[in-house]
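Engineer: Let's see this in three dimensions:
(one chain, ligands or ions: 1)
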Amino acid sequence: MKTSNTYAGIPAEFAQLEKAKIVLIPVPYDGTSTWGKGADKGPAAFLKASENMELYDIETGTEAYKQGIFLTEEVGEDSSPEAMVDAVHSTTKHFIKKNKFVTLFGGEHSISIGSIRAFNECFDNLSVLHIDAHADLRKSYNGSAFNHACAVHEASQKTNLIQVGIRSMDSSEKTYMDEDKTFFAHDMVNDAYWTDKVIDLLTDNVFITFDLDALDPSLVPATGTPEPGGLLWYETLDFLKQVFTEKNVVGFDIVELCPNNEDKSSDFLAAKLYYKMLSYKFTEEDSEDEYDNTYDASYKSNSVNHMKFDEDED
Ligand SMILES: [Mn+2]
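Structural biologist: Just a heads-up that it's a prediction; the model follows:
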């Protein structure tokens, strides 16, 4: 079921798959959240807020929707966390192979296990930029490796994982944390150069997974596990702009919007954040230009074969 006919109500001519450079996959999944429930309502609230947002970006002077944004059917698989992750993985990969700039909106953070896996299989030497209040590094939680508390465990083992905004974790997660690649919120507040340090640690191909609870709860109260002391709006935008300018961002997801009836500002912030990221990605791109997402079909199959060969030798 589609919650809206087109993203942000954009004209149909900009919303067709063939012409669109951007694909948006809604994943309304909330199967493993442990406290605040309602992330399954996130995509609908995000899309509704997007329809009420201006589509001209003042800062970049662009209208990113003219690059074309195709809104897919929701990934509704929820028979088990593992089945959901598989569905997100295959849907994401399907659209990467169509040479699109693929974005996802959750849903809780466990959806990112599937999206990160798809991007890591398609892009050489991938960095995952994880922006979150929580470390999310547990190997399993409540009996599942596909819990939201495990969102980037796999990424910590298989990609260059850089964590930003972290201010809540369990001591057991230290086993999987690379402190040289972790930016704790209490350090960032006293370090004027943290963004440059993040940039230095990132490889060229970057996937961003953005948990909205990374932001301060004064900005986003509507999230499942709000933590005090988060990122503020303009420092976040400055940081993202730097990443999009200096690196090849290959895709992103935004997760953990948990809408409520009292506060609509969180929904609007999520809508604006999504569109800002598109505006930064496509600032220099003419809407008539062909898009090449640099997906390399030969890369991963070769490296897998090579690894297999080495294992056989042993
Ligand atoms: Mn979080």
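Engineer: Just give the nearest non-adjacent residue to residue 48, would you?
Structural biologist: Leaving aside its sequence neighbours, residue 48 sits nearest to residue 267 (C-beta to C-beta, 6 or more residues apart in numbering; 6.9 Å). For the C-beta atoms, the positions are set from N, CA and C on the backbone; glycine is no exception.
Engineer: could you give me the average pLDDT of the helix or strand in which the one you found is found?
Structural biologist: Following DSSP states H and E, the helix or strand that holds residue 267 is helix 265-281. Mean per-residue pLDDT for helix 265-281: 98.
Engineer: what helices or strands is it leaning on?
Structural biologist: In terms of contacts (3 or more C-beta pairs under 8 Å, 6 or more residues apart in numbering; DSSP states H and E), helix 265-281 is packed against helix 42-51, strand 101-106, helix 233-246, strand 248-255.
Engineer: switch the cut-off to 10 Å
Structural biologist: Using 3 or more C-beta pairs under 10 Å, 6 or more residues apart in numbering; DSSP states H and E, the elements in contact with helix 265-281 are strand 22-27, helix 42-51, strand 69-71, strand 101-106, strand 205-211, helix 233-246, strand 248-255.
Engineer: okay, these, which one's buried deepest?
Structural biologist: Mean neighbours per residue, mean count of other C-beta atoms under 10 Å, is largest over those for strand 101-106, with a mean of 28.
Engineer: is that strand anywhere near the ion?
Structural biologist: No. Strand 101-106 does not reach the ion (C-beta under 5 Å from the ion); its nearest approach is 11.1 Å.
Engineer: Let me know the average pLDDT across that strand.
Structural biologist: pLDDT averaged over strand 101-106 gives 98.
Engineer: Indicate whether whatever helix or strand comes next after that strand makes contact with the ion.
Structural biologist: Per DSSP H and E, strand 101-106 leads on to helix 111-122 as the next helix or strand towards the C-terminus. No. Taking C-beta under 5 Å from the ion as the criterion, helix 111-122 and the ion are apart, separated by no less than 10.5 Å.
Engineer: neighbours around whatever residue of the stretch 1-150 of the chain ends up closest to the ion, how many?
Structural biologist: Residue nearest to the ion within the stretch 1-150 of the chain: residue 134 (3.7 Å; C-beta to the ion). Residue 134 has 26 neighbouring residues, counting by other C-beta atoms under 10 Å.
Engineer: For the nearest residue to it once chain neighbours are set aside, give me its contacts.
Structural biologist: Once flanking residues are discounted, residue 134 sits nearest to residue 168: 5.0 Å by C-beta to C-beta, 6+ apart. Contacts of residue 168 were listed using C-beta atoms under 10 Å, 6 or more residues apart in numbering, and they are 132-136, 185, 213, 225, 227-229.
Engineer: excluding its backbone neighbours, what's nearest residue 83?
Structural biologist: residue 77 (5.2 Å).
Engineer: Pop out the phi and psi values for that neighbour.
Structural biologist: Phi and psi for residue 77, reported as degrees, to the nearest 10, are phi -60, psi 120.
Engineer: number of nearby residues for it?
Structural biologist: By other C-beta under 10 Å, the residues close to residue 77 number 19.
Engineer: in terms of contact, does it touch residue 85 like I think?
Structural biologist: Yes. Using C-beta atoms under 10 Å, residue 77 is in contact with residue 85, at 9.0 Å.
Engineer: What strand or helix carries residue 156?
Structural biologist: Assigned by DSSP H and E, residue 156 falls in helix 153-158.
Engineer: for that helix, which positions count as buried?
Structural biologist: Judged by neighbour count using 16 or more other C-beta atoms under 10 Å, the buried positions of helix 153-158 are 153-156.
Engineer: Columns pLDDT and distance to residue 237 on top of these, output as JSON lines?
Structural biologist: Shown next, in JSON lines, are the buried residues of helix 153-158 (pLDDT from 0 to 100; distance: C-beta to C-beta, whole Å):
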{"residue": "153", "pLDDT": "98", "distance to residue 237": "29"}
{"residue": "154", "pLDDT": "98", "distance to residue 237": "29"}
{"residue": "155", "pLDDT": "98", "distance to residue 237": "24"}
{"residue": "156", "pLDDT": "98", "distance to residue 237": "27"}
